[in-house]
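>>> sequence unavailable; structure follows:
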DNA sequence: GCCGTTTTCGGCCCGACTGTTTTCAGTCG
């Protein structure tokens, strides 16, 4: 009943489509139709613009994957929370069958048979029939399937399947890679999957091996210390369950094996994501090619009405030794793993508009060294310098700084001693109402004021609108140079605060406040999705290791990966600029600032000014109707808007005018 | 249900493994 009080949002509409898709599959309906519903659900989940706005603007069908049928259903769902097809399916099947579908070994057909023949309509009933020998009676279900179902049900009771922080997944993956390398027949081995895409958390470990002798390699994999269950083991692949952390479920590890000539194609396929792979293969199909983990093949075409015969392959056209071969075969430049989420990267690559992503080597300093004492700061800054940096920022929590003048003197002394530009800063907490307590004298004394958005747990209780307003107020206070931990999340422990990032980022861009991307593997806040949103909003990002120890200074790499997953180019990264430019940027924000001293530190040439995306400029400066603003923002978020895109593709100074004319 | 350099019908990613259906459907990633 409370549901009715709340407006239907994108996630709610997506949930209805997902339920329809899953129930339709179980009902034995058209599997392509089922898949289309699920695709629609995924698209809706990833939209950054409210689906209602797009509906009003008649823009929904311009999104690939959403057709007239979906628009009608979306309209119904927005009004009533459901739609006719949804209701029909719910009358036919209990919704609890969806959790049956999610049990390993139970696909749509088994779920349907269990319902029809055994009356199973939820997970508890599935467990009962499995343990009492009834499940075994279903056609196509044998002892092994029953064992697998029971084993997975037990795992599900322990808790949700565990995920690892990226850092930990890379460490465990490296152990597995080293273990497999011991086999002399292994030519190449690499960790693939979401870890290779540098996703913030990883659900299972994937490793790809190139070898001409797969059997001993599979055996070695099965003997990896910590393997507690073998899920499958064949000629070219094997899956095992690794012992988990006590109190949590176990983690799956998958081994894939290809011949060395196919290593690039295999690397591409097993790196994923699934959506990316499907899109690449569809593209290959359009070019009469077939892409698999073994390479790229020419499809023999027999014309219409020959169904499966069209699948027959005639000739391998590229061995796919490196990933670039595979992309080239489908007419694309190499797309780096961090972008392979099926979220617009293929269209961008096709149009020659892939971003030149920020790299670790672009960074000229670490903007987030968190040392507690001058001695620690010296170590961190020296480590930073050893990494080739020209400057570093020493940040201390304000409440730990008794004597600001002494702190600044220490920083200046370190600067002279280390021959490294040192910016000193304090971190202040943003209170529940968005207030920041920064006396003018303090602000003038230090180089940087960082506002941390996550002071207290109680702040997570704020409603979305209040949370957003809180950050907007802090950003526009004029007291902050950098906004840190915007959502306050701790991965695998605490979800971030519910807030609308986009206006906050737009405001940060207008107010010249940078937003921190923390390399702390447990935070990675701003998130990759936040970075992607910022690409449109245009706030400068401050990449930080958040290091408190020397070894943690290497975590700057995690911040870079995160930014790359968000399509961020160096121009949007504050610390890709020279020390002089960072100094100037800080100076702009405090006109009376005494710093800007001539440093004894030698500096590299300053980087050119950041080019402002004219579309972002338009969004920030022109008065636009709500509808037009939504359309522009949608486009900047990656929504498909062919009309707008075509207008912008006209070269020359009039491109923007054309686009603007088109909008009004 | 969606889409179109196969465009209003016909196809939709692809391959490996498993079980049990003696030739392939179901499941998975």
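Thanks, I have it. As the structure is a prediction and not an experimental result, all values here were calculated from the model.

>>> count of neighbours near residue A:442?
16 (other CB atoms under 10 Å). C-beta coordinates here come from the backbone N, C-alpha and C atoms, glycine included.

>>> so who does it touch?
Residue A:442 makes contact with A:398, A:404, A:426, A:449, according to CB atoms under 8 Å, 6 or more residues apart in numbering.

>>> quick check: buried residues in the helix or strand containing it?
Counting by DSSP states H and E, the element that carries residue A:442 is helix A:440-445. Within helix A:440-445, the residues that qualify as buried by neighbour count (16 or more other CB atoms under 10 Å) are A:442, A:443, A:445.

>>> partner strands of the next helix or strand after that helix, with direction?
Next helix or strand after helix A:440-445 toward the C-terminus (DSSP H and E): strand A:448-452. Based on DSSP bridges, the pairing partners of strand A:448-452 within the sheet are strand A:421-429 (parallel), strand A:482-484 (parallel).

>>> tell me the angle of the helix or strand following strand A:448-452 relative to strand A:421-429?
Reading on from strand A:448-452 to the C-terminus, the next helix or strand found by DSSP H and E is helix A:464-475. Here helix A:464-475 runs at 140 degrees with respect to strand A:421-429, directions being taken by axes from the mean of the first three to the mean of the last three CA atoms, to 10 degrees.

>>> so what's the residue count around the closest residue in space to residue A:45 that isn't next to it in sequence?
Excluding its sequence neighbours, the residue lying closest to residue A:45 (CB to CB, 6 or more residues apart in numbering) is residue A:14, at 4.4 Å. Neighbouring residues of residue A:14 were enumerated by other CB under 10 Å; the total is 22.

>>> next one: residue A:402
Counted with other CB under 10 Å, the neighbours of residue A:402 add up to 7.

>>> mind checking the SS state of it?
Assigned by DSSP: H, G, I helix; E, B strand; the rest coil, the conformation of residue A:402 is coil.

>>> so how far is residue A:369 from it?
Residue A:402 sits 20 Å away from residue A:369 when distances are taken as CB to CB, to the nearest Å.

>>> now residue A:450
In this view, residue A:450 and residue A:369 are 12 Å apart by CB to CB.

>>> residue A:188 - that's part of a strand, no?
Yes: secondary structure assignment places residue A:188 in a strand (three-state DSSP).

>>> name the residues contacting each of residue A:450 and residue A:369.
Counting by CB under 8 Å, 6+ apart, the residues touching both residue A:450 and residue A:369 are residue A:395.

>>> residues touching the closest residue to DNA strand B within the stretch 201-350 of chain A, list them.
As assessed by CB to the nearest atom of the strand, DNA strand B sits closest to residue A:234 within the stretch 201-350 of chain A, at 2.1 Å. Remark: with contacts taken as CB under 8 Å, 6+ apart, residue A:234 is in contact with residue A:218.

>>> let's see that with 6 Å instead.
Listed by CB atoms under 6 Å, 6 or more residues apart in numbering, the contact set of residue A:234 is empty.

>>> over to residue A:544?
For residue A:544, the contact set (CB under 6 Å, 6+ apart) comprises A:367, A:368, A:516, A:518, A:559.

>>> that one bridge partners, please.
On DSSP bridges, the residues paired with residue A:544 through beta bridges are residue A:518.

>>> against residue A:524, how distant is it?
Applying CB to CB to residue A:544 and residue A:524 gives a distance of 11 Å.

>>> how about residue A:341?
Residue A:341 is 16 Å from residue A:524, by CB to CB.

>>> repeat that for residue A:20.
Distance check for residue A:20 against residue A:524: by CB to CB, it reads 34 Å.
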